[in-house]
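Visitor: Return atomic coordinates for the entry below.
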Amino acid sequence: LLTWINSVARICVPLFVTISGYLLLPVSTSTATFFRRRFTRILFPWVFWCVAYAVYFMLRSGDGIATCIASVCRIPLNYGVEVGHLWYIYMLIGVYLLAPIVSPWLRQCGKRELQGYLALWMLTTLLPYLHHAGIALWGELKPLLTQQALVERALAYCDWAVAKGLLAIRTHVDVCDDRL
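Guide: This next block holds a predicted model:
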C-alpha cells in the first residue's frame with residue numbers, strides 16, 4: 001500500500017510546477033510587482049520555518065546557540081538536513097526569477113519557434129531514459145545524487161513550468177484566432 005501511495009505521490013511536484021507555469025506565464029504585471037507579490041508570499045514563511053526547524057533541532061540535539069545561528073546563516077546558500085523537505089522553495093525561487101525573462105519571448109514566439117523549443121525540451125527530458133535503450137549515460141549518472149544532478153533536476157522543473165505556460169498560451173491563441 002505504501003509503495004502504491006509513494007508511486008502516486010511522485011507526480012505531485014511536476015504537477016505543481018506545471019500548474020505554476022500555467023498560472024504564472026506570461027507575466028502580465030511589471031517585474032517589480034510580480035517579484036513583490038510572489039516573493040513576499042514565499043520568503044517570509046520559508047525563513048520562519050527554516051529558523052523554527054533550526055531552533056527545534058538545536059533543542060532536540062542539545063547543540064549550542066552557535067550551531068543554531070550557523071544553520072540559520074546557511075539558509076540562503078543551501079538547505080540543510082533539518083529543512084531538506086523545503087528544497088522545492090529554492091526551485092520555486094528559480095521559476096519566479098525566470099518567469100519575467102521568458103514572458104516576452106512567450107508572447108511573441110511563432111508556432112514554428114514554439115514547436116522547436118518543445119521538441120528540444122522533449123529531447124532533453126528523455127535523455128535520462130536512454131539507458132533503457134542500452135545507452136549508458138555519463139557512467140550511469142554517477143552514483144546518483146551529485147550536485148550536478150540536483151541542478152539538472154531544478155532545470156527540468158523550470159522546463160516543465162515554461163512548457164506548460166507555452167501550451168496554455170498556444171491553446172488560447174489557437175482557439176481564438178482562425179488564421180493560426
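
Visitor: which other residues reach the helix or strand hosting L23?
Guide: Under the criterion of DSSP states H and E, L23 resides in helix 12-24. In this structure, residues lying in contact with helix 12-24 by Cβ atoms under 8 Å, 6 or more residues apart in numbering are 88, 91-92, 95-96, 99, 157, 160-165, 167-168. All C-beta atoms are positioned from the backbone trio N, CA, C, and that covers glycine.

Visitor: per-residue confidence at R170?
Guide: pLDDT for R170: 53.

Visitor: One more: G110?
Guide: pLDDT, read off for G110, is 84.

Visitor: still on that earlier bit, which ones among the contacts of helix 12-24 map onto helices?
Guide: 88, 91-92, 95-96, 99, 157, 160-165, 167-168 (DSSP state H).

Visitor: Show me how far the helix holding L23 is from its chain's centre.
Guide: 9 Å (Cα atoms, centre = their mean, to the nearest Å).

Visitor: Following element in sequence after it, please.
Guide: helix 31-61.

Visitor: If I take that following helix and helix 12-24, what angle do their directions form?
Guide: Taking axes from the mean of the first three to the mean of the last three Cα atoms, to 10 degrees, one finds helix 31-61 and helix 12-24 inclined to each other by 150 degrees.

Visitor: May I see the buried residues of helix 31-61?
Guide: Buried positions in helix 31-61, judged by neighbour count with 16 or more other Cβ atoms under 10 Å: 34-35, 38, 46, 50, 53-54, 57-58.

Visitor: Specify which member of those residues is nearest to N6.
Guide: Y53 (23.5 Å; Cβ to Cβ).

Visitor: and that closest one, how far is that from W46?
Guide: Distance, Y53 to W46, using Cβ to Cβ, to the nearest Å: 11 Å.

Visitor: same question, V102
Guide: Distance, V102 to W46, by Cβ to Cβ: 23 Å.

Visitor: How about L2?
Guide: Distance from L2 to W46, by Cβ to Cβ: 29 Å.
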